[in-house]
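> what's the 3D shape of this:
(one chain, ligands or ions: 1)
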Amino acid sequence: MANFDTVLQAQDRRPLVERIQDPATWDELFAPIERAPSDAVPLDPALVQQCHDTLRHQGHFVAPIELPVGPARAAVDAVEAAGFPAVFAFLSDAVWDVCAGAGLVGLIDGLLGPGARLQPGLWSKRVTHGDRGWEPHVDIQGPPVRAPDGMPAQITLWLSLTDVTLDNGCMYIVPEDVAPDMVRDFGRSDTLALEAVEQVLHNARALPAPAGSVLAWSTSTLHWGARHRATHGPDRMSLGLELRHPQAPPEVCSEPSWAIGHRPDFATRLRAVGHSLQWYGSNSAREPGLRPFVFLGRLLSR
Ligand SMILES: O=C(O)CCC(=O)C(=O)O
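Residues are numbered from 1 along each chain as shown. Just a heads-up that it's a prediction; the model follows:
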């Protein structure tokens with residue numbers, strides 16, 4: 001985890017918020033990072049069809065499409081080395097080269113048609129040896145909301161920045177078609193029926209993925225990040241995005257949002273980082289150590 005003291009003891013004596021709101025702070029930090037190629041990533045039509053079918057019927061997919069994630073990984077390393085939570089990497093162009101790049105956009109357009117939008121639920125997670133990903137949860141409780149084509153209306157996208165394996169904290173998912181009904185309200189009740197627990201354990205699927213893969217799940221799907229137990233090899237590093245289907249019903253269309261191929265400007269990036277720090281940083285079981293940044297999130301998201 002980043003040493004947050006670094007940021008608080010920086011030479012620059014301006015208040016932290018002022019430093020963060022100054023684009024020059026980030027231009028300087030990200031200057032050494034090379035930009036990723038912007039070319040489209042070749043997509044195998046059979047893979048796109050498979051992703052389409054598993055998203056529609058099982059609520060998730062894994063697409064190992066080798067997005068050029070090296071510079072985005074370097075941006076996460078840079079912000080953490082400077083003492084900021086990894087989500088600040090979303091202020092860099094290197095991250096948006098991937099998140100608004102032709103590779104990801106081509107995949108999403110191929111699956112959902114043009115017009116999908118992103119919302120400000122951005123995150124980046126590093127899982128080091130002994131640590132674990134987020135606990136089992138559904139992103140949004142309640143029955144799944146579908147678009148007219150039967151696809152989930154709200155989808156979490158998760159991009160692997162390193163090779164993610166069974167040993168270093170890969171994601172697990174319980175496919176929607178075999179999940180017990182209770183997963184819709186997972187987290188609301190303190191007790192679970194043994195039968196439901198057995199059904200979850202039997203059907204849980206590990207999702208290892210090489211660096212540059214795209215994982216996606218419906219926001220009503222039960223999922224979690226496993227523990228990192230590998231004694232060598234990379235940390236598990238990832239980026240998370242909140243995607244909205246082009247024909248999502250109005251009740252799930254919150255604003256702000258932007259078209260998936262669009263690169264948000266600095267002010268929008270900053271607000272989205274602020275929102276995300278408030279939403280995710282305050283869960284200290286999930287993100288130990290980020291509480292001091294929740295207040296910053298509040299200021300930045302105004
Ligand atoms: O990266 C992780 O461990 C968890 C990510 C996740 O569950 C989510 O974004 O909903």
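
> show me what contacts the residue of the stretch 51-200 of the chain found nearest the ligand?
Here the stretch 51-200 of the chain gets closest to the ligand at one residue, Gly133, 2.4 Å apart by C-beta to the nearest ligand atom. Heads up, the C-betas are built off the backbone N, CA and C, glycines and all. Applying C-beta atoms under 8 Å, 6 or more residues apart in numbering, we find Gly133 in contact with Lys125, Val127, Gly169, Met171, Trp224, Gly225, Ala226, Arg227, Arg236.

> so of those residues, which ones are in strands?
Lys125, Val127, Met171, Trp224, Gly225, Arg236 (DSSP state E).

> coming back round to it: quick one: the residue of the stretch 51-200 of the chain closest to the ligand and Ser254, what's the gap?
25 Å (C-beta to C-beta, to the nearest Å).

> again with Ser38
According to C-beta to C-beta, Ser38 stands 29 Å off from Ser254.

> what's opposite the residue of the stretch 151-300 of the chain found nearest the ligand in the beta bridge?
The nearest approach of the stretch 151-300 of the chain to the ligand comes at Gly225, 2.3 Å away (C-beta to the nearest ligand atom). Beta-bridge partners recorded for Gly225 (DSSP bridges): Met171.

> quick check: phi and psi at Ile155.
phi -130, psi 140 (degrees, to the nearest 10).

> excluding chain neighbours, what is closest to it?
Nearest in space to Ile155, with sequence neighbours left out and distances taken as C-beta to C-beta, 6 or more residues apart in numbering, is Leu243 at 4.5 Å.

> what mean pLDDT does the one helix or strand that neighbour maps to get?
Per DSSP states H and E: Leu243 is located in strand 236-244. Strand 236-244 comes out with an average pLDDT of 98.

> do that strand and the ligand meet?
Yes - using C-beta under 6 Å from any ligand atom, strand 236-244 reaches the ligand at Ser238, Gly240.

> who in the stretch 101-250 of the chain is up against the ligand?
Counting by C-beta under 6 Å from any ligand atom, the residues of the stretch 101-250 of the chain that sit close to the ligand are Trp123, Lys125, Gly133, Trp134, Asp139, Thr156, Trp158, His223, Gly225, Ser238, Gly240.

> wait, the fifth one sits on Thr156?
Yep, that's Asp139 we're talking about. Yes - assessed by C-beta atoms under 8 Å, Asp139 is found in contact with Thr156 at 5.6 Å.

> overlap in contacts, those two.
Common neighbours of Asp139 and Thr156, using C-beta under 8 Å, 6+ apart, are Trp217, Thr219.

> ok so, going back, wait, which of the residues of the stretch 101-250 of the chain next to the ligand is closest to Ala72?
Using C-beta to C-beta, the shortest approach to Ala72 within those belongs to Ser238, at 10.3 Å.

> for the closest one, which non-adjacent residue is closest in space?
Of all residues beyond its chain neighbours, the one nearest Ser238 is Lys125 (5.2 Å), with distances taken as C-beta to C-beta, 6+ apart.

> how many neighbours does that neighbour have?
Neighbour count for Lys125, taken as other C-beta atoms under 10 Å: 23.
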